[in-house]
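>>> Predicted coordinates and the sequence they were generated for:
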Amino acid sequence: MTKANKPMENKKDIDWSSLTFGYVPTNYNVRCYYRNGAWGEVEVSSSDMISIPMAATCLHYGQEAFEGMKAFRGKDGKIRIFRPEENAKRLQSSSQGIMMPEVPTDLFIDMVEKAILLNKEFVPPYGTGASLYIRPLLLGLSQQVGVKPAGEYLFMIFVTPVGPYFKEGFKPTPMAIMRGYDRAAPLGTGTIKVGGNYAASLKPGEIAHHEGYSAVLFLDAKHKEFIDECGPANFFGIKDNTYITPKSTSILPSITNKSLMQIAEDLGMKVERREIHVDELNTFEEAGACGTAAVISPILRIDDLDEHKSYVLSKDGKPGVMSEKLYNKLRAIQYGEEPDTHNWVRIVEE
Ligand code: PLP
Ligand code: COI
């Protein structure tokens, strides 16, 4: 639907507290084209449609990468974003991975701020549990029929207000190991944020949802022995006051996970980033999935559907004590309620 025939979004109609992780149209998005070896001027669009050549490389050969961020409105009314330079860096790494030009960090952050400010009435009010999701997107635009990188690119950012990614929010949910599916190859594109990884996860994800699981816990594709990640989020386990998270060549380096490792250390925990054998799941006192969309989603139980084994990670159905501490601390920093000792927060509007 184009802006012209789309009903104007009426913010009064938005029930912020019952938003899901869906798409609500907002007023504007921002765009920048890369042509003749250079980025052009930033353009503002009120249409949520894009027009691209049918032979564009993003459509045929997956020359596409994206990012995911959130803007939070604090109790003080200020709008904050979290570690945007890390998202800029990760998009640059995605660009290197699939032969696209890098979006400079300054351009990335300027466009993120512009997209938020142009739609600031869509930043959900404090206390509703909702936030403004920010989706930067880089597309190979020019026509190719041979498998080759494009010469022209579109970098754009749209925003949309969202509620929790896992509908249960901060409540433990069951996850499934499905050994018949891989998300990414050991030396493939798992460490960058390209659409193809998500395409590979769609089928097992749908099967898992249908069976009542919130996500698939992917194992390493080569040995099927070590934990990789939980669908669209990293995995962590906790035992003996230690935060343990996988080291793998096929998982996305999560900015939330990186921050939680630091927060765990700040809370006096030990931190280990290493291979986690699936059998070790039996030994964790708590476990969770973490990411921008997922925040921390505690894990109730992991069922290995092929080996017919179950690992219980919450005996009473409640989030673990340490997961709750980590969650509260991360949220408090993001909402400006705790001192930002690591300089992670950027205020978009005073
Ligand atoms: N892993 C995958 C596959 C993801 O899609 C995401 C989401 O971006 C994450 C992990 C979490 O990363 P971040 O914390 O940077 O959002
Ligand atoms: C995010 O956490 O921002 C993500 O990008 C996950 C997603 C694919 C919804």
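Nice, thanks for sending it over. Ligands and ions are numbered 1, 2, ... in the order given.
>>> use CA for all of it now, contacts and neighbours both
Fine.
>>> List, one by one, the residues from this structure near ligand 2.
Residues of the chain lying close to ligand 2 (Cα under 6 Å from any ligand atom) are 67-69, 232, 291-294.
>>> Nearest to K167 among those?
In terms of Cα to Cα, no member of those lies closer to K167 than A294, at 9.8 Å.
>>> Enumerate every residue touching the closest residue to that closest one other than its chain neighbours.
Sequence neighbours aside, Y165 is the residue nearest to A294 in space, at 5.4 Å (criterion: Cα to Cα, 6 or more residues apart in numbering). With contact taken as Cα atoms under 8 Å, 6 or more residues apart in numbering, Y165 is in contact with 20-21, 293-294.
>>> Next, give me the two most distant ones among the residues of the chain next to ligand 2.
E67 and A294 (14.1 Å).
>>> that older thread, any idea how far the residue nearest to A294 lies from ligand 1?
11 Å (Cα to the nearest ligand atom, to the nearest Å).
>>> now the helices for the stretch 1-150 of the chain?
Ranges of helices in the stretch 1-150 of the chain, per DSSP state H, counting those that start in this stretch, are 57-60, 84-97, 105-117.
>>> And the pLDDT at the residue lying closest to Y33 once chain neighbours are set aside?
In this structure, Y33 finds its nearest non-sequential neighbour in L154, 4.6 Å apart by Cα to Cα, 6+ apart. Per-residue pLDDT puts L154 at 98.
>>> Tell me the bridge partners for L154.
In this entry, L154 is beta-bridged to Y33, L139, by DSSP bridges.
>>> OK, contacts around it?
31-34, 137-141.
>>> Tabulate the CA atom coordinates of the longest helix along the chain in PDB.
Using DSSP state H to define each element, the chain has its longest helix at helix 195-210. Provided in PDB are the C-alpha atoms of helix 195-210 (Å, rounded to 0.1, in the frame of the first residue of the first chain):
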ATOM      1  CA  GLY A 195      18.700 -12.100   4.800                       C
ATOM      2  CA  GLY A 196      19.800 -15.500   3.600                       C
ATOM      3  CA  ASN A 197      20.500 -16.700   7.200                       C
ATOM      4  CA  TYR A 198      16.900 -15.800   8.100                       C
ATOM      5  CA  ALA A 199      15.500 -17.600   5.000                       C
ATOM      6  CA  ALA A 200      17.300 -20.700   6.200                       C
ATOM      7  CA  SER A 201      15.700 -20.400   9.600                       C
ATOM      8  CA  LEU A 202      12.100 -19.900   8.400                       C
ATOM      9  CA  LYS A 203      11.100 -23.500   7.900                       C
ATOM     10  CA  PRO A 204      12.500 -24.900  11.200                       C
ATOM     11  CA  GLY A 205      11.200 -21.800  13.000                       C
ATOM     12  CA  GLU A 206       7.600 -22.300  11.700                       C
ATOM     13  CA  ILE A 207       7.700 -26.000  12.600                       C
ATOM     14  CA  ALA A 208       8.900 -25.200  16.100                       C
ATOM     15  CA  HIS A 209       6.200 -22.500  16.600                       C
ATOM     16  CA  HIS A 210       3.600 -25.000  15.400                       C
END
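>>> How far away from the center of its chain is the helix or strand containing V271?
Here V271 sits within strand 270-274, counting by DSSP states H and E. Between the centre of strand 270-274 and the centre of its chain there are 22 Å (Cα atoms, centre = their mean, to the nearest Å).
>>> Break down the stretch 201-350 of the chain into its helices, ranges please.
255-266, 321-334.
>>> what about the last one and ligand 1, touching?
I take that to be helix 321-334. No - judged by Cα under 6 Å from any ligand atom, helix 321-334 stays clear of ligand 1, getting no closer than 11.6 Å.
>>> Buried residues of that helix, list them for me.
322-323, 326-327, 329-330, 333-334 (16 or more other Cα atoms under 10 Å).
>>> Next: the shortest one.
Using 16+ other Cα under 10 Å as the burial criterion, the residues of helix 255-266 that qualify are 255-257, 259-264.
>>> near ligand 1, which of the residues you listed show up?
Applying Cα under 6 Å from any ligand atom to these, those adjacent to ligand 1 are 255-257.
>>> List buried members of the residues of the chain next to ligand 2 by neighbour count.
Buried, going by 16+ other Cα under 10 Å: 67-69, 232, 291-294, out of those.
>>> Tell me which entries of those residues lie within strands.
69, 291 (DSSP state E).
>>> Take the buried ones among the residues of the chain next to ligand 2 and lay them out in CSV including pLDDT.
Below are those laid out as CSV (pLDDT from 0 to 100):
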residue, pLDDT
E67, 98
G68, 98
M69, 98
P232, 95
G291, 98
T292, 97
A293, 94
A294, 93
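>>> Could you check how many residues crowd around the residue lying closest to C230 once chain neighbours are set aside?
Closest residue in space to C230, ignoring its immediate chain neighbours: L217 at 4.3 Å, by Cα to Cα, 6+ apart. Neighbourhood size, L217 [other Cα atoms under 10 Å]: 28.
>>> Spit out the contact partners of L217.
175-178, 227-231, 302.
>>> how close does the residue nearest to E41 when sequence neighbours are not counted get to K203?
Leaving out its chain neighbours, the residue that sits closest to E41 by Cα to Cα, 6+ apart is C32, at 6.1 Å. With distances taken as Cα to Cα, to the nearest Å, C32 is found 33 Å from K203.
>>> More neighbours: the two, which one.
Taking neighbours as other Cα under 10 Å, C32 and K203 compare with C32 leading, 20 against 12.
>>> any idea how far the more buried one is from E206?
C32 is 34 Å from E206, by Cα to Cα.
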